[in-house]
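*Asks:* Sharing a sequence plus its predicted fold:
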Amino acid sequence: MKQGILIGLITLFSTGLAQAAEALKVGDKLPNITLTTQHDKAFSFDNGVKRIIMSVEKQSADMLTNLLDSKPASYLKDTQTIYLADIHRMPSLITKFVALPQLREKTYDIVLGREEADLATFPREKGCLTLMSIKEQTIESLRFICNEDELKTTMNP
């Protein structure tokens, strides 16, 4: 009997973890999260968000940075786009002394996922950016952008 209860609790607990880590998909509401930008400015999703673009790896972040650096400083705001960067795997010394100083030089906001759980539910694909179209805080479409040509085409209004 005790073994059955223990197995039941383990199953319940592991199922809960699997559900908690389940990736967002089309039709899902954006999660209620509060993060900060590279300037430590508080951020949470509001009804003005039309697109979210997320980088998880250096390669995809560099691709997006190259594009955004060629745009006017107000580009993200003008297109109602949020840039999320999942940096939780970056070593803390690199984050503190290299990445954050470089990010603070950017004229646009980058919302940072500093802890593993911050952006864990956001879908990702190795080597690609995640792009979500949003309407009333609900994901309308989802795609992965894996090369610069596709990024340029997609991000031109």
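*Replies:* It's in. Treat the numbers as computed from the prediction; the structure is a model and nothing was measured.
*Asks:* just the strands in the protein please.
*Replies:* Along the chain, the segments classed as strands by DSSP state E run 35-37, 42-43, 51-55, 81-86, 111-113, 129-135, 138-145.
*Asks:* I'd like to know which of the ones you listed is closest to Gln102.
*Replies:* Among the strands of the chain, the nearest to Gln102 by Cβ to Cβ is strand 81-86 (11.8 Å). All C-beta spots, glycine's among them, are computed from the backbone N, C-alpha and C.
*Asks:* So which elements touch the closest one?
*Replies:* Applying 3 or more Cβ pairs under 8 Å, 6 or more residues apart in numbering; DSSP states H and E, we find strand 81-86 packed against strand 51-55, helix 58-69, helix 75-78, strand 111-113.
*Asks:* Now the second one: average pLDDT?
*Replies:* By that I understand helix 58-69. Along helix 58-69, the predicted confidence averages to a pLDDT of 96.
*Asks:* Same question for it: list its buried residues.
*Replies:* By 16 or more other Cβ atoms under 10 Å, the buried positions in helix 58-69 come out as 60-61, 63-65, 67-68.
*Asks:* before we move on, the earlier item: put together CSV for the strands of the chain, with mean pLDDT on each row.
*Replies:* As requested, those are exported to CSV (pLDDT from 0 to 100):
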stretch, mean pLDDT
strand 35-37, 98
strand 42-43, 96
strand 51-55, 98
strand 81-86, 98
strand 111-113, 98
strand 129-135, 98
strand 138-145, 98
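*Asks:* want to throw those into CSV with mean neighbour count and distance to Lys152?
*Replies:* Rendered in CSV, the data for those read as follows (neighbours: other Cβ atoms under 10 Å; distance: least, Cβ to Cβ, whole Å):
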stretch, mean neighbour count, distance to Lys152
strand 35-37, 17, 24
strand 42-43, 12, 26
strand 51-55, 21, 13
strand 81-86, 23, 14
strand 111-113, 23, 22
strand 129-135, 20, 12
strand 138-145, 16, 10
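*Asks:* would CSV of those with distance to Ala120 be doable?
*Replies:* CSV is the format used below for the strands of the chain (distance: least, Cβ to Cβ, whole Å):
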stretch, distance to Ala120
strand 35-37, 12
strand 42-43, 17
strand 51-55, 12
strand 81-86, 9
strand 111-113, 8
strand 129-135, 13
strand 138-145, 16
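*Asks:* Can you say which of the ones you listed is nearest to Arg104?
*Replies:* For the strands of the chain, the distance to Arg104 is smallest for strand 35-37, at 9.4 Å, taking Cβ to Cβ.
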